[in-house]
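*Asks:* Mind folding the following:
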Amino acid sequence: MSADPQRQCAVTTPPRPARTASRAVLAAFAALPALALLVGAVPGRTLDAPAATAPTAATASTGAPGTGPRARPAAVRTGCGAPLVIGHRGAPLDAAENTMAAFETALRQGADWLETDVRTTRDGVPVLMHDATVDRTTDGRGAVAELTAARVAGLRVTVGPGRAEPVPTLEDLLRRLSGSGVTLLMEIKWQRAEDVERIARLAAGSGAPVRLYSFSVEHLRQAHAVAPGLPVVLVQGAGMAEDPAGLPLRGIALDRTLATADRIAAEHRRGREVYVWVLDDEESWRLMAGRGADGLITDAAGRARSWADADCRAGGRAGGRAEPTG
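*Replies:* Residues are numbered from 1 along each chain as shown. Predicted coordinates:
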């Protein structure tokens, strides 16, 4: 994640869906030819049953401005109080980032939610791409906003381990998550207002649990205006931290440098959940869990899942361990 307007990433969280969601999700992933070699190759959790507490577009939104503090949902964490494990761009340490292979791998490794980035092509198709250009991540060149959807569809994501993979459209991922109970934290990158609105409408009509987040308060306002049922989350970093100015935020995604115990406690008093990015080591997971973070955005979903489960068994958060404020 980065606070640079051209390199952003963030997160969000609703009542935590059960760790075992719909078997249909992995079945749908498995049906993709590109994933044929991956299915069953990564040990870990499966998505076995629908999540009873998964939010919907109608129920996941929070109160309007001026309604006072909102209670933080108790279901946001595991039974022992461990934070959510959120697969940042899927599982980029094990598969090409922001591809269906990366998302499938993250779910198999035990990620609770998925995180991704959305940009729009020249002809108005939202695709999953972090950077403003395709240069770093694919075998092509050019700005996403200047390429057609057909051109992007012909590219392959080559950054990261494993085989090269196609660039998914947002609709591809939403279709596979619809009805699964797996929440998608979807960062809206800097783009035209009409593209922001198109992305929000597509997410709201998909049936998938989605949380919209962005560094841009204006983008969140635009999205909230056309899809008021979708929760919105503001991303803040050390180099960029806009004032939400009355926007009804469900949560806030903080760069680790901003995620002090006092700041997290203050956001909780406002009724907001807190997700911290990007955390890839046990020391960071333990520190942010002790500070009360609701979600850990990580490139290492498998290791984070193992740590969280071991911490639960050892009585970590359940035992009331916490870091002093300050």
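*Asks:* who's in contact with stretch 152-167?
*Replies:* For stretch 152-167, the surrounding residues in contact (C-beta atoms under 8 Å, 6 or more residues apart in numbering) are 34, 37-38, 92-102, 121, 125, 127-129, 134, 136-140, 144, 169. Where C-beta positions appear, they are placed from N, C-alpha and C, glycine not excepted.
*Asks:* Pull out the buried residues from it.
*Replies:* Neighbour-count burial for stretch 152-167 flags 152, 155-157, 159-160, 162, 164-167 (criterion: 16 or more other C-beta atoms under 10 Å).
*Asks:* distance between the ends of that stretch?
*Replies:* 7 Å (C-alpha to C-alpha, to the nearest Å).
*Asks:* repeat for stretch 131-144
*Replies:* 8 Å.
*Asks:* same check, this time on stretch 206-225
*Replies:* 17 Å.
*Asks:* buried set for it?
*Replies:* Of the residues in stretch 206-225, those buried by neighbour count under the rule 16+ other C-beta under 10 Å are 206, 208-217, 219-224.
*Asks:* Sketch out the low-pLDDT regions of the stretch 201-326 of the chain for me.
*Replies:* 316-326 (pLDDT under 70).
*Asks:* before we move on, back to that, can you convert the buried residues of stretch 152-167 into CSV and add a column each for distance to residue 241?
*Replies:* As requested, the buried residues of stretch 152-167 are exported to CSV (distance: C-beta to C-beta, whole Å):
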residue, distance to residue 241
152, 31
155, 33
156, 36
157, 30
159, 28
160, 29
162, 35
164, 36
165, 34
166, 35
167, 30
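*Asks:* I'd like the average pLDDT over the longest strand along the chain.
*Replies:* In the chain, assigned by DSSP state E, the strand with the most residues is strand 113-120. Strand 113-120 carries an average pLDDT of 98.
*Asks:* on contacts alone, who are the packing partners of it?
*Replies:* strand 84-88, helix 100-109, strand 126-128, helix 170-177, strand 184-188, helix 193-204 (3 or more C-beta pairs under 8 Å, 6 or more residues apart in numbering; DSSP states H and E).
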